[in-house]
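Visitor: Let's see this in three dimensions:
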Amino acid sequence: MTAYAASTGDLTAAPSASEFKSEVELLDADDDGDENKERGNWGSKMDFVLSCLGYAVGLGNVWRFPYLAYRNGGGAFLVPYVIMLAFAGLPLFLLEVAFGQYCSSGPITCWRSVPIMRGIGYGQIFVGAYVAIYYNVIITYTIYYFFASFARVLPWVGCHHDFNTLYCSDLYQVCVDAGGIVTFNGTCVQLSSLSNSELGAYNITKNFGGYNTTGYSDPLEKDRVSASEEYWKYSVLHESPNMNEQNGVVWGLALSLLAAWILIFFCLIKGIKSSGKVVYFTATFPYLVLVILLIRGLTLPGYEKGIKFFVTPDFKQIGNAQVWLDAAVQIFYSLSAASGGLVTLSSYNKFKNDCYFDSLFVAVANCCTSVFAGFVIFSIIGFMAHELGKEVDEVVDAGFGLAFIAYPAAVARMPVPTIWSLLFFFMLLTLGLDSQFTIMENVVTAIVDEFPDQLRKRKVWVMLTASVIGYILGLTCVTTTGPYWVALLDSYGAGFPYLVYALMETVAIAWLYGVKRFVNDVRVMIGDKYVNHPTFFWWPICWCALTPALMTFVLMFNFINWSEPEYNGPFPPWARGIGWMVTLSGIIWIPLNAIWEVYSAPGNIIDRLRVAANPSELWGPALQRFRNEAAEVHKLNGTTMGGRVLLPSTKNQPASRPSNGFNVPVKSVKYNPRPSNGFNVPQDNPYPDNGRTNPGFDSPMA
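Guide: Now for the predicted structure:
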């Protein structure tokens, strides 16, 4: 430490390693232990990689991407998909992973970097809570189907069950095979019981002692639904005809929901220490099942028909703006960007982890998984089209329709259907669990990081409380109107807000915090080898211009082409009102927090804006030795760390400052989290450590 720093109490000067040797030793951990003793770290690098992969590779990879690829030009869809990956997906993924790893903080506390943008973190937690409620209901469906599959005859096979209606599709063929016809009122009658006039009404004539039925067609053909769809709607969901008719809780689903929350809680009972081990199975098992299903699918008749539909390119579609929008949105949601989850996962990394390689690997692996899943799904869909004598586009579906209607109907036609059904729904369960682990960890970590002294040692109770509340609120989604609530939360809660967060994140980091400073943050963690490589310059360009421009385009396109979401028809007005309140509750925190930060800062309006847009004193690496290194690296590369170099004394650090090397006690420095001028420095130099060459807002390349 310089003599000037020791005499003036200016803590922004970087101390030397020798002066802080004793303090660094107190904070160091064994190579095999936790680097950050308070928050903890991943047990190994693979824990983090598999957790990120499990979070990114979710249900959407299996039930949404294949359908989008088919709808938007087949193989040609990969062109805009890969371009959007390069321009939006990878830059956002890398930004969030590096951001969280550098500060070792959750999605709220990380905004010490740009306090005026802390509202992004609050919004992410609110939206994350909504998603956790309804996403676990989807996991509930997979649990229900998994246990229902333990049957010699799958329960969605045939139209003889109590829940079936006269519109069940199999009834027509069963009736015709028995020598009868289906009448206009849906009953099956024998031809011999009909008079000539009645036969004529159905275009049937007598012919040499028999009947000519070539002119007959099913009178209910337009209203027919598959047996698997009736099982889904009337046996599993007990779905009401509209959202205004609520007929109580579906107790079979309520028990499955309870099982889902118990499973989530026990997998997260020790935080990342337990979930980091569970993902070794839940993140890898889906790949094993996908390989098995692909091998099986390629042995079924008609598989080539389905795969042809999936991969045949229609390059005319590339000129359609909607195709590019679908590609951007799919990349965005597939990688789970802007939800805060990636910041949370990476915040438990060790500081020197190679977050650059991890980000590229997980993002690319996620997209490859989507393509691979497309081959699996369409090989099965091709088989189903062959069995039904229909075209692929008549049986292909997305979302719930694929997972719980089309695919169950397909496996019912395979040899040994029980085995394939169990495999498929267990795969969906593991895909859902990985994502739910991070969603819940994201919410709980944000709360605990905001109140570390009170909650860090009680994190298990915070998780238990969150799980109990999640179950109670989730009961709304397992009533007879539950599917409407799931669709409402999914449409209004997890759509538009995430696009806003993505845009605001890039603006906050690249333009307010400063992209050059952020690049140097990454440099501290992974070194000059990566950061000085010419290819690395692609990322600052994306963060500053290309990615925010693309997100602005997606937002504007969504706004211009907005139509109210529907489920079984339009939502009632009161439900749409709730939906918009859900959307608003995820966004309103950004302006509210900005107003509060400016209002609570000292000085005139310009000074307040400067303080609110600059890093707070606690911003930076969590451990003192890395703060020292960061300060030095920033100084060598023309920026500053942003926060104070020396952390305030805590129970894990010496209460007083170390010796100044001359056996003279150093003057005690009082820590003030928000000093009068926004920085704990003399007033004649109010902006010494804001990472800029002048006291103004940061330019992207400052």
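Visitor: Residue 542 is in contact with residue 87, isn't it?
Guide: Yes: under the criterion of CB atoms under 8 Å, residue 542 is in contact with residue 87, at a separation of 6.4 Å. From N, CA and C alone the C-beta is placed, and that goes for glycine too.
Visitor: Compare neighbour counts for these two and give me the winner.
Guide: Set side by side, residue 542 and residue 87 show more neighbours around residue 542, with 24 against 20, by other CB atoms under 10 Å.
Visitor: Compute the distance between that one and residue 185, please.
Guide: Using CB to CB, to the nearest Å, one gets 63 Å for the distance from residue 542 to residue 185.
Visitor: just residue 375 next, same as before
Guide: Separation of residue 375 from residue 185 (CB to CB) stands at 45 Å.
Visitor: more neighbours, these two?
Guide: A side-by-side neighbour count of residue 375 and residue 185, using other CB under 10 Å, places residue 375 first with 19 against 9.
Visitor: Run through the residues that contact the more buried one.
Guide: 294, 297, 307, 310 (CB atoms under 8 Å, 6 or more residues apart in numbering).
Visitor: and if we set it to 10 Å?
Guide: 66, 290, 293, 294, 297, 298, 303, 306, 307, 310, 311 (CB atoms under 10 Å, 6 or more residues apart in numbering).
Visitor: these two touch, right, residue 620 and residue 517?
Guide: No: using CB atoms under 10 Å, residue 620 is not in contact with residue 517, being 11.0 Å away.
Visitor: Now do the shared contacts for those two.
Guide: Residues within reach of residue 620 and of residue 517 at once, by CB under 10 Å, 6+ apart, are 113, 634, 641, 642.
Visitor: Provide the secondary structure category for the nearest residue to the last one once chain neighbours are set aside.
Guide: Okay, so that is residue 642. Using CB to CB, 6 or more residues apart in numbering and skipping the chain neighbours, the partner closest in space to residue 642 is residue 615 (3.3 Å). Here residue 615 takes the coil state, with states given by DSSP: H, G, I helix; E, B strand; the rest coil.
Visitor: pLDDT (mean, whole number) over whichever strand or helix holds residue 422?
Guide: When secondary structure is defined by DSSP states H and E, residue 422 falls within helix 417-450. Confidence for helix 417-450, expressed as mean pLDDT, is 94.
Visitor: how about the helix or strand following it: buried residues?
Guide: Counting by DSSP H and E, the element after helix 417-450 in chain order, helix or strand, is helix 452-455. Using 16 or more other CB atoms under 10 Å as the burial criterion, none of the residues of helix 452-455 qualify.
Visitor: which helices and strands does helix 452-455 pack with?
Guide: helix 417-450, helix 459-474 (3 or more CB pairs under 10 Å, 6 or more residues apart in numbering; DSSP states H and E).
Visitor: chain center to it: distance?
Guide: Relative to the chain's own centre, helix 452-455 is displaced by 27 Å; criterion: CA atoms, centre = their mean, to the nearest Å.
Visitor: Now do that helix: everything it contacts.
Guide: Outside helix 452-455, the residues that touch it by CB under 10 Å, 6+ apart are 38, 39, 109, 444, 447, 448, 449, 459, 461, 462, 650, 651.
Visitor: just to revisit the earlier point, between residue 620 and residue 517, who's got more neighbours?
Guide: residue 620 (27 against 23).
Visitor: Disregarding flanking residues, what is the spatial nearest neighbour of the more buried one?
Guide: Using CB to CB, 6+ apart and skipping the chain neighbours, the partner closest in space to residue 620 is residue 643 (4.0 Å).
Visitor: Point me to the helix or strand that includes the one you found.
Guide: Under the criterion DSSP H and E, no helix or strand holds residue 643.
Visitor: tell me the phi and psi of it?
Guide: Phi and psi for residue 643, reported as degrees, to the nearest 10, are phi -90, psi -180.
Visitor: pLDDT value on it, please?
Guide: 90.
Visitor: Quick one: distance of stretch 266-278 to the chain centre.
Guide: Computed by CA atoms, centre = their mean, the chain-centroid distance of stretch 266-278 equals 19 Å.
Visitor: For that stretch, buried residues please.
Guide: Within stretch 266-278, the residues that qualify as buried are 267, 268, 271, 272, 273, 275, 276, 278, counting by 16+ other CB under 10 Å.
Visitor: just checking, the first one touches residue 278?
Guide: The one in question is residue 267. Yes: the pair formed by residue 267 and residue 278 meets the contact definition of CB under 10 Å, at 4.9 Å.
Visitor: Give me the common contacts of those two.
Guide: What both residue 267 and residue 278 touch, as defined by CB under 10 Å, 6+ apart, is the set 433, 434, 437.
Visitor: so where's this protein uncertain?
Guide: Within the chain, the set of residues satisfying pLDDT under 70 comprises 1-32, 398, 649-702.
Visitor: Tell me where the stretch 151-300 of the chain has strands.
Guide: Per DSSP state E, counting those that start in this stretch, the stretch 151-300 of the chain carries strands over the ranges 180-182, 188-190, 205-207, 210-212.
Visitor: most neighbours per residue, which of the helices and strands packed on helix 452-455?
Guide: Each of the helices and strands packed on helix 452-455 was given a mean neighbour count from mean count of other CB atoms under 10 Å, and the largest, a mean of 23, is that of helix 417-450.
Visitor: Any idea which residue is closest to the centre of the protein?
Guide: With distances taken as CA atoms, centre = their mean, the chain has residue 336 as the residue nearest its mean C-alpha position (3.4 Å).
Visitor: which SS class is it?
Guide: In three-state terms, and counting by three-state DSSP, residue 336 is coil.
Visitor: shouldn't it be in contact with residue 58?
Guide: Yes: using CB under 10 Å as the test, residue 336 is close enough to residue 58 to be in contact (7.3 Å).
Visitor: Could you name every residue contacting both of these two?
Guide: 366, 435, 438.
Visitor: ok, of those, which one's closest to residue 96?
Guide: Nearest to residue 96 among the shared contacts of residue 336 and residue 58: residue 438, at 12.1 Å, using CB to CB.
Visitor: ok, the closest one - contacts?
Guide: Here residue 438 is in contact with 51-52, 54-56, 58, 128, 268, 275, 279, 336, 339-342, 344-345, 445 (criterion: CB under 10 Å, 6+ apart).
Visitor: gap between it and residue 86?
Guide: Distance of residue 438 to residue 86, given as CB to CB: 24 Å.
Visitor: What of residue 387?
Guide: Residue 387 sits at a distance of 40 Å from residue 86 (criterion: CB to CB).
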